[in-house]
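1. Pasting the sequence and the predicted coordinates here, then a few questions.
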Amino acid sequence: MFGSKMAFWQGVTLCVVVALLTTTSVLSQTVPPPSFSVRPSNTVAAMGHEVIFYCTVVNLGRHQVFWNIDQRSAANAAAKEFTIGPNANTHNSYPRFQFVGDGGNGEFNLRISDVKADDVGRYTCLVSDPNDPTSSAMEAGATLTVLDSPVAPMPGFPQCTRAPDPNPMGFYNESEVLTLTCITMGGVPLPNLSWVRVRDDNTTETLPIRTVRSGDVVTAEAKVDLSSVDHKSFYRCVETHPSGTTGRTCTVSSNGSGSQPSLDVRFKPVVSITPDVVNVELLETVTVDLRCEAYANPPLTSSPVIILPENKTGEAISEDDLTKTATRVDLTTEDVGKDLFCRAVNNLGVGEASVDVRRLGWPTWLILVVIGAIAVVLFIFIVVIACACCVDRSGQEDEKYKDRLRYSVNRSHQTSRRHEGVGDGDYIDGYEDEDIVPIEDFQGGHELAEMQEHQKDSSTSNDFETGERGPRYQNVNEAFQSDNNSFSQSNPSSSEPIIDPDFE
């Protein structure tokens, strides 16, 4: 049983290995190997200038590109050989040698800046497989010759061509692709070419180009996707060279003879509206003058129209030009996200331009008002809390003060007194009239005296709570009243003190 399972899994493993090998073999046969579409060519350079060796590889895949520089020769035995790459110069010792071109399209050109006399030698473009170090590299090389001074290009150049030609009516249609080609020959170093668009107002714009150098021939190609900006424009090729000669040019004309250099391009209306962005704050109304202008070939069938949001009206502003229109309108945050645009029409179609109404945050004045209101509320709240705390504390202090007056007794200076003897000055404890503290300021003094008397008399209980064997008073005023009555009976001539029964 165990042996049969082992045999089964061995068979499965063998099948998987065979399938992987077969797939790898098929893929290796279906993917074409890399090859050179552009090879380096022998080049002549002038000292102090730059030179470029061109190398383009197709079907690069996982392969990598290197440049080998061999400057050794019989005349310069001290020169050296080195290699830079892959796909870029990562060697800081050779900053004058750099990879240039679009690597995504397989362009790995070598540019040499500030050419020296020692740069004479052979330059080889190498393509190798990093996953197979045993495989041989594919290579293509060329030699560099260095001159002491530049040599001017050949006369009669540059030459300009274009394709396609306009239709029989003599115009192009929008979105057609126009290919411009400029060629020059000779020169050390090779000249540089560029294409520029010259518009109706004589402003110029440099076009993106693709440059190919083969031997001593330089070709610059530009592709133009025709649009409204190309209407009434023409194209010029400019040659520049360090030899000091004046830059030479050639021009592409509409009819090929040069009598009508500008192009006739037909296009639908191109519409612009200003302002194209309107910022509106909350709770505010913004008055805006919307101005619309349209440009078309063939001309507009009618003046442009500014279309406002539903239920929105504006005030028309007169314009003398039929390609322009203007409207004054009030906008609020309710217009955010609504359709607000200008529309123009000609025989080829419709053009539109819209206005973006944007909502800003809260207005500054409203933010300040809200902050001020919050500050006032906080201030009032703090004041109320503080006053409540003060009132509560004052009440507590008053209650504590009353409690102290009600229940505390000054043992060293009694407020109650007893009269004994016949004379007015016969008082116990040796008090005089001027030493007596008013009864209104102290309470409990007489009660203390009664307690002390009962404590001296062992036959009298001093327990005022139980009421046993001693007088019990319901309150302090009652005690004072009883004592005063006895005092008045023993001293009829003395004035009876007035006690407020409501005093606590």
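-> Noted; the coordinates are in hand. Numbering: from 1, shown residues only.
2. The helix or strand containing residue 296: partners in the sheet, and parallel or antiparallel?
-> Take DSSP states H and E as the rule and residue 296 turns out to sit in strand 286-297. Applying DSSP bridges, strand 286-297 is found paired with strand 265-274 (antiparallel), strand 324-331 (antiparallel).
3. Run me through the strand neighbours of the helix or strand just after it, direction for each.
-> Proceeding N to C from strand 286-297, the next assigned helix or strand is strand 305-307, under DSSP H and E. Take DSSP bridges as the rule and strand 305-307 pairs in its sheet with strand 341-346 (antiparallel).
4. Quick one: residues in contact with the partner strand.
-> Strand 341-346 has contacts (Cβ atoms under 8 Å, 6 or more residues apart in numbering) with 268-269, 271, 273, 290, 292, 294, 296-307, 325, 350-355. C-beta coordinates here come from the backbone N, C-alpha and C atoms, glycine included.
5. For the next helix or strand along the chain from that strand, buried residues please.
-> Sequence order places strand 349-354 as the next helix or strand after strand 341-346, per DSSP H and E. Going by neighbour count (16 or more other Cβ atoms under 10 Å), the buried part of strand 349-354 is 351, 352, 353.
6. per-residue confidence averaged over strand 349-354?
-> The pLDDT scores in strand 349-354 average 96.
7. thinking again about what came up before, now the contacts of strand 341-346: which count as buried?
-> 268-269, 271, 273, 290, 292, 294, 296-297, 300, 304, 306, 325, 351-353, 355.
8. end-to-end on stretch 49-62?
-> 35 Å (Cα to Cα, to the nearest Å).
9. what's the neighbour count on the closest residue to residue 31 other than its chain neighbours?
-> Leaving aside its sequence neighbours, residue 31 sits nearest to residue 61 (Cβ to Cβ, 6 or more residues apart in numbering; 6.6 Å). Neighbour count for residue 61, taken as other Cβ atoms under 10 Å: 11.
10. Residue 61 belongs to a strand, doesn't it?
-> No. Residue 61 sits outside any strand when classified using DSSP: H, G, I helix; E, B strand; the rest coil, being coil.
11. That one against residue 127, yeah?
-> No. Residue 61 is beyond contact range of residue 127, at 10.0 Å (criterion: Cβ atoms under 8 Å).
12. anything in contact with each of the two?
-> Joint contacts of residue 61 and residue 127 (Cβ under 8 Å, 6+ apart) are residue 34.
13. how about the helices in the stretch 51-200 of the chain?
-> Counting by DSSP state H, counting those that start in this stretch, the stretch 51-200 of the chain has no helices to list.
14. just the strands in it please.
-> Ranges of strands within the stretch 51-200 of the chain are 51-53, 56-58, 64-70, 81-84, 97-100, 109-112, 121-128, 138-147, 159-163, 172-173, 177-185, 192-198, based on DSSP state E, counting those that start in this stretch.
15. Neighbouring strands of the first one in the sheet, and parallel or not?
-> Going back to what we said before, that points to strand 51-53. Assessed with DSSP bridges, strand 51-53 is paired to strand 109-112 (antiparallel).
16. Give the buried residues for the partner strand.
-> Counting neighbours by 16+ other Cβ under 10 Å, strand 109-112 gives 109, 110, 112 as buried.
17. same question, stretch 45-62
-> Within stretch 45-62, the residues that count as buried by 16+ other Cβ under 10 Å are 45, 46, 49, 50, 51, 52, 53, 54, 55, 56, 57, 60.
18. And stretch 335-350, by the same measure?
-> Buried, per 16+ other Cβ under 10 Å, within stretch 335-350: 335, 340, 341, 342, 343, 344, 345, 346.
19. just stretch 149-165 next, same as before
-> Here stretch 149-165 shows 150, 153, 157, 158, 160, 162 as buried, counting by 16+ other Cβ under 10 Å.
20. Can you show me the CA trace of it as CSV?
-> C-alpha atoms of stretch 149-165 as CSV (Å, rounded to 0.1, in the frame of the first residue of the first chain):
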residue,chain,number,x,y,z
SER,A,149,37.6,72.5,-34.7
PRO,A,150,34.0,72.2,-36.1
VAL,A,151,33.3,71.7,-39.8
ALA,A,152,30.2,73.4,-41.3
PRO,A,153,27.4,71.2,-42.8
MET,A,154,27.0,70.8,-46.5
PRO,A,155,25.3,73.6,-48.4
GLY,A,156,21.8,73.3,-49.7
PHE,A,157,20.3,72.1,-46.5
PRO,A,158,18.1,71.7,-44.5
GLN,A,159,15.2,70.5,-46.6
CYS,A,160,11.6,70.3,-45.5
THR,A,161,8.8,68.0,-46.5
ARG,A,162,5.3,67.2,-45.1
ALA,A,163,2.7,64.5,-45.4
PRO,A,164,-0.1,64.3,-46.2
ASP,A,165,-1.0,67.1,-48.6
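21. Let me know the average pLDDT across it.
-> On average, stretch 149-165 scores 91.
22. contacts for that stretch?
-> Under Cβ under 8 Å, 6+ apart, the answer for stretch 149-165 is 44, 46-47, 49, 176, 178-191, 193, 235, 237, 239, 241-245, 248-252, 256.
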